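K.L.:
below are the sequence and a predicted model for it; my questions follow.
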Amino acid sequence: MWRELHPLGRHPDTQGYRRFAWTPADAECRAWFQGQAEARGLAYEVDRNGNQWAWLGDPGAGDAVVTGSHLDSVPDGGAFDGPLGVVSSFAALDELRTRNVTFAKPLAVVNFGDEEGARFGLACVGSRLSAGRLTVEQAHRLTDGDGITLPQAMEAAGHDPEAIGADPERLARVGAFVELHVEQGRALDLSGDRVGIASSIWPHGRWRFDFHGEANHAGTTRLVDRRDPMLPYAETVLAARREARLAGAVATFGKIAVEPNGVNAIPSLVRGWLDSRAADQHGLDQVVSGIEKAAREYAASHGVDLDVVRESFTPVVEFDHALRDELARVLGTDTDLKVPVLGTGAGHDAGILSGTVPTAMLFVRNPTGVSHSPAEFAAEDDCVAGVLALADVLEGLACS
């Protein structure tokens, strides 16, 4: 499976992945998922929001155990973030069939669409729509860098955009959702463990900082006469690092847009997107408010106007304690695995669904600690350990 999926959407120059929602690369990944489902005799379906499902057993029976992740990527992302969870889900099902277990509940593998938000700027679109965390009106306003709206992109890919929206009946079928994911950090590598269990997802959000200055000639405008928005933006980037360090959090300006974007032109607008995450809500509020306060002071000192817009926000997610404890019991007593419990600063579909269905997560060791990059990695024996751990968990949940 990994060899078949590996080349899809991979850029030949960067060796990173560009599997953006509703593009040809995404279509190839979706076709791969459908092929895996049909090869195993699973009932394949696509829901109203474009999420793919592969069912073993009757979906209408309810109390289903669902596993899976996503196949899309960030720009020039790595091979493991998302796909490892989907591949491992099919592999875990294969493992359970070799054990000749009897399933007492329906089991499903899911591929949630547009988890990374690389194209339309909002993460977890597929799961947000299904859980009612994103309205149809909000979804229809999403546009990519070329001005193509989400409905236009979905329609071009053969999906009906008029069908999207909350899907409570489908989610009501789900009794538990377990997502396996490569760790996005080095906690397991430092502890020497192959597999971990998630305790919670840090609160996190994205804010857009628009610095409005005055376009002018770079060669003829005196420094004292300039209203250059690039200067307060640059100072704000440094402030973000400072505020995050003081609070023990993280803050990143990773995307920027400049107008008119000419080498010999002073910008009229510098737009930067802040991503910030912290262990608790108080810490996140402290970091973001500190960054915004500094940004407004810097903007005023340069004669620049500033608008700050919060584009997305996800509060702290505490995974279902009973389900988390059941995973720990299964992996602690039924196997030889040491399984630490750790928090994460990365968002996931499991976090979006947690307010609707019981969810849990397994992490597989990433020795590089790198994520959202071609350097992202997990060793084959650790991936196999993850598959076996997931199979044990699914057996405990679906076969009892």
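P.N.:
Sure thing, it's come through. Numbering: from 1, shown residues only.

K.L.:
excluding chain neighbours, what is closest to residue 273?
P.N.:
With sequence-adjacent residues excluded and distances taken as C-beta to C-beta, 6 or more residues apart in numbering, residue 273 is closest to residue 255, at 4.3 Å. C-beta coordinates here come from the backbone N, C-alpha and C atoms, glycine included.

K.L.:
hang on, the one you found in a strand?
P.N.:
Yes. With DSSP: H, G, I helix; E, B strand; the rest coil as the criterion, residue 255 is located in a strand.

K.L.:
how close does it get to residue 223?
P.N.:
28 Å (C-beta to C-beta, to the nearest Å).

K.L.:
before we move on, what about residue 120?
P.N.:
Taken as C-beta to C-beta, the span from residue 120 to residue 223 is 39 Å.

K.L.:
ok, those two, which is more surrounded?
P.N.:
Higher neighbour count among residue 120 and residue 223: residue 120, with 21 against 6, using other C-beta atoms under 10 Å.

K.L.:
does the more buried one belong to a helix, a strand or coil?
P.N.:
With three-state DSSP as the basis, residue 120 sits in coil.

K.L.:
touching, it and residue 150? I think so.
P.N.:
Yes. Using C-beta atoms under 8 Å, residue 120 is in contact with residue 150, at 5.5 Å.

K.L.:
who touches both of the two?
P.N.:
Shared contacts of residue 120 and residue 150, defined by C-beta atoms under 8 Å, 6 or more residues apart in numbering, comprise 142, 143.

K.L.:
start from the N-terminal end of the stretch 201-350 of the chain and give the helices.
P.N.:
Counting by DSSP state H, counting those that start in this stretch, the stretch 201-350 of the chain has helices at residues 230-247, 281-301, 321-333, 349-353.

K.L.:
show me what counts as buried in the third one.
P.N.:
Put plainly, it is helix 321-333. By neighbour count with 16 or more other C-beta atoms under 10 Å, helix 321-333 contains the buried residues 323, 324, 326, 327, 330, 331.

K.L.:
before we move on, the earlier item: and the pLDDT at the residue nearest to residue 273?
P.N.:
Reported pLDDT at residue 255 in the predicted model: 93.

K.L.:
for it, the count of nearby residues, please.
P.N.:
Other residues lying near residue 255 total 14 when counted by other C-beta under 10 Å.

K.L.:
repeat that for the one 5 residues further on.
P.N.:
Close neighbours of residue 260, defined as other C-beta under 10 Å, add up to 10.

K.L.:
try the one 5 residues further on
P.N.:
Neighbouring residues of residue 265 were enumerated by other C-beta under 10 Å; the total is 16.

K.L.:
got a list of what it touches?
P.N.:
Residues near residue 265 by C-beta under 8 Å, 6+ apart: 215, 216, 217, 218.

K.L.:
beta partners for it?
P.N.:
Beta bridges link residue 265 to residue 217, judged by DSSP bridges.

K.L.:
that older thread, which among the contacts of residue 265 end up buried?
P.N.:
215, 216.

K.L.:
in TSV: the contacts of residue 265, plus pLDDT and distance to residue 305.
P.N.:
Converted to TSV, the contacts of residue 265 look like this (pLDDT from 0 to 100; distance: C-beta to C-beta, whole Å):
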residue	pLDDT	distance to residue 305
215	98	14
216	98	16
217	98	21
218	97	21
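
K.L.:
quick one: which of the contacts of residue 265 is nearest residue 283?
P.N.:
Of all the contacts of residue 265, residue 283 sits closest to residue 215, with 38.0 Å by C-beta to C-beta.

K.L.:
check contacts around that closest one.
P.N.:
Contacts of residue 215 by C-beta under 8 Å, 6+ apart are 259, 260, 265, 266, 267, 268.

K.L.:
who touches the closest residue in space to the first one that isn't next to it in sequence in this structure?
P.N.:
Ranked by C-beta to C-beta, 6+ apart and with sequence neighbours excluded, the top spatial neighbour of residue 259 is residue 269, at 4.3 Å. When contacts are counted by C-beta under 8 Å, 6+ apart, residue 269 is found next to 210, 211, 212, 213, 229, 257, 258, 259.
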